[in-house]
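Asks: what follows is a predicted protein model with its sequence.
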Amino acid sequence: MVWPEALESSKAHILYSSPPGLLVAILDLPPPLKPKHKVTNEEVLERVNIQNYQLMNNIRKLKLTYFGHVKRHNTLEKLCMEGMVEGKRGRGRPKRRWSEDVAEW
């Protein structure tokens, strides 16, 4: 079943509202026929017969549980998640953070 694979690999990903190719990468499906053909998450879930809201709700629940666990402890993991590490950020648009995902939910 693809549920365990999708849920386990989703912990490392940052979820956007509808990222093209995210579920294709998580579920390890073959790429679309044409390189420029974009496949939506809904199309991928229809291919593998999974309902969208169930999978995304489970992913959100797992990520929120993990986020709460990390926020309660004073560890290096918490500092990295909050972006409080030393150094300079590279040029360009800032990368999306876990806290932005959690704030949207």
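Replies: Structure received.
Asks: only C-alpha atoms from now on, for both contacts and neighbour counts.
Replies: OK.
Asks: for the helix ranked longest in the chain, buried residues please.
Replies: The longest helix of the chain (DSSP state H) is helix 52-71. Buried residues in helix 52-71, counted by 16 or more other C-alpha atoms under 10 Å: 59-60, 63-64, 67, 70.
Asks: I'd like those residues written out as JSON lines, with pLDDT added.
Replies: Shown next, in JSON lines, are those (pLDDT from 0 to 100):
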{"residue": "Ile59", "pLDDT": "79"}
{"residue": "Arg60", "pLDDT": "81"}
{"residue": "Lys63", "pLDDT": "82"}
{"residue": "Leu64", "pLDDT": "82"}
{"residue": "Phe67", "pLDDT": "82"}
{"residue": "Val70", "pLDDT": "83"}
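Asks: just send the residues you listed back as TSV, with distance to Trp98 too.
Replies: Converted to TSV, the buried residues of helix 52-71 look like this (distance: C-alpha to C-alpha, whole Å):
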residue	distance to Trp98
Ile59	13
Arg60	11
Lys63	9
Leu64	10
Phe67	8
Val70	11
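Asks: between those residues, which is nearest Glu42?
Replies: Proximity of the buried residues of helix 52-71 to Glu42 (C-alpha to C-alpha) peaks at Ile59, which lies at 15.3 Å.
Asks: ok, that closest one to Thr65 distance?
Replies: Distance from Ile59 to Thr65, counting by C-alpha to C-alpha, to the nearest Å: 10 Å.
Asks: then Arg91?
Replies: Taking C-alpha to C-alpha, one finds Arg91 at 32 Å from Thr65.
Asks: repeat that for Arg97.
Replies: From Arg97 over to Thr65 the distance is 16 Å, taken as C-alpha to C-alpha.
Asks: again with Lys78
Replies: 14 Å.
Asks: and if you look at Thr40?
Replies: Distance, Thr40 to Thr65, using C-alpha to C-alpha: 27 Å.
Asks: list the contacts for Phe67?
Replies: Not one residue lies near Phe67 by C-alpha atoms under 8 Å, 6 or more residues apart in numbering.
Asks: kindly recompute the last result at 10 Å.
Replies: 61, 78, 81, 98-99, 102 (C-alpha atoms under 10 Å, 6 or more residues apart in numbering).
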